[in-house]
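[1] Here is a sequence with its predicted model. Questions after.
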Amino acid sequence: MAQKKNIIVGAANVWVAPADADDPTGDALYVKANSMGTVLAGVDDWRNVGYTMDGVTVSYEPTFADVEVDQSLDSARTFKTSMRVTMATTLTEGTLENLAMAWGQADPAARVDAGDTTTGVQQEMDIEQGGLGEAPLERQLIAIGNGLEGTLGYHERTYYVQRAIQTDTSTHSLRRAEATTFPVSFRILPGDDGAPYGTITDRARQAGWA
């Protein structure tokens, strides 16, 4: 039976952390909190990227090959030959941290107090050259959006991936009447020993949660 409460509407918030940060989805706080964002806001390693544009796009791209035989006009069998998962969005807050993420670089040094009179520099980031054979920088990502509708409002759906790399070309413009935005498209890699790319979790809101 068709149910309109199963239609998901709404944008997601995106959080990012270094590859070696703890996975907060199994934390006891996650069970009790009203939102995953409530947990992440209290964890130093995790950072909210701020406003985004055009939503968050998750792409699941399997590739299959066909086995064709003389006796059939269609394929006799198909088998998977490759897999690719991506997560893309457009960052609209022009911080150097967001720019570094769009370029696949490490986060820049922490901000210096705006009142620093030693150098006058608040923050800086190198445009890195890299080297031959250099492995791309991995990050963890969590996208938090609305889930299915429940008795107390929308549930929460969380997309968590542990190995996200940004290797695509990233272009941004400095224009008179437009915001400077950073498009990012992350290639998601699977875990070791057959581990999944990540986890999609639906959580029902309950009365009394923080």
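    It's in.
[2] now the strands for this protein?
    For the chain, applying DSSP state E gives strands covering 13-18, 47-48, 52-67, 77-91, 139-150, 153-165, 182-188, 198-203.
[3] which residues are contacting the top helix by length along the chain?
    Ordering each helix of the chain by length in residues (DSSP state H) puts helix 96-102 first. For helix 96-102, contacts defined as Cβ atoms under 8 Å, 6 or more residues apart in numbering pick out 16, 47, 49-50, 91, 106-108, 123-125, 139, 166, 170, 172, 182-184. For glycine as for every other residue, the C-beta is placed from the backbone atoms N, C-alpha and C.
[4] middle-most residue in this protein, spatially?
    Nearest to the geometric centre of the chain sits residue 141, at 4.0 Å (Cα atoms, centre = their mean).
[5] these two touch, right, it and residue 18?
    No. Taking Cβ atoms under 8 Å as the definition, residue 141 is not a contact partner of residue 18, at 11.3 Å.
[6] Tell me how far residue 195 lies from residue 204.
    The gap separating residue 195 from residue 204 is 26 Å, by Cβ to Cβ, to the nearest Å.
[7] ok, those two, which is more surrounded?
    Applying other Cβ atoms under 10 Å to residue 195 and residue 204 shows that residue 204 carries more neighbours, namely 13 against 10.
[8] From residue 193, how far out is that one?
    32 Å.
[9] out of the contacts of helix 96-102, which are buried?
    When the contacts of helix 96-102 are checked for burial by 16 or more other Cβ atoms under 10 Å, the buried set is 16, 47, 49, 91, 107, 125, 139, 166, 170, 172, 182-184.
[10] Residue 81 reaches residue 61, doesn't it?
    No. With contact defined as Cβ under 8 Å, residue 81 does not count as touching residue 61 (11.8 Å).
[11] which parts of stretch 52-63 are buried?
    52, 56, 58.
[12] Let me have those in CSV, adding pLDDT as columns.
    CSV is the format used below for those (pLDDT from 0 to 100):
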residue, pLDDT
52, 96
56, 96
58, 96
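[13] could the residues you listed go into CSV alongside distance to residue 3?
    Formatted as CSV, those follow (distance: Cβ to Cβ, whole Å):
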residue, distance to residue 3
52, 29
56, 24
58, 23
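[14] Closest one of those to residue 12?
    residue 56 (4.7 Å; Cβ to Cβ).
[15] What distance do you get for the closest one to residue 70?
    Distance from residue 56 to residue 70, by Cβ to Cβ: 47 Å.
[16] And for residue 144?
    From residue 144 to residue 70 the distance is 53 Å (Cβ to Cβ).
[17] Name the residue in those two with the higher neighbour count.
    Taking other Cβ under 10 Å, residue 144 and residue 70 do not tie; residue 144 has more neighbours (24 against 5).
[18] In contact with the more buried one: list those residues for me.
    12, 13, 14, 15, 35, 36, 37, 156, 157, 158, 159.
[19] quick one: pLDDT of it?
    For residue 144, the pLDDT comes out at 93.
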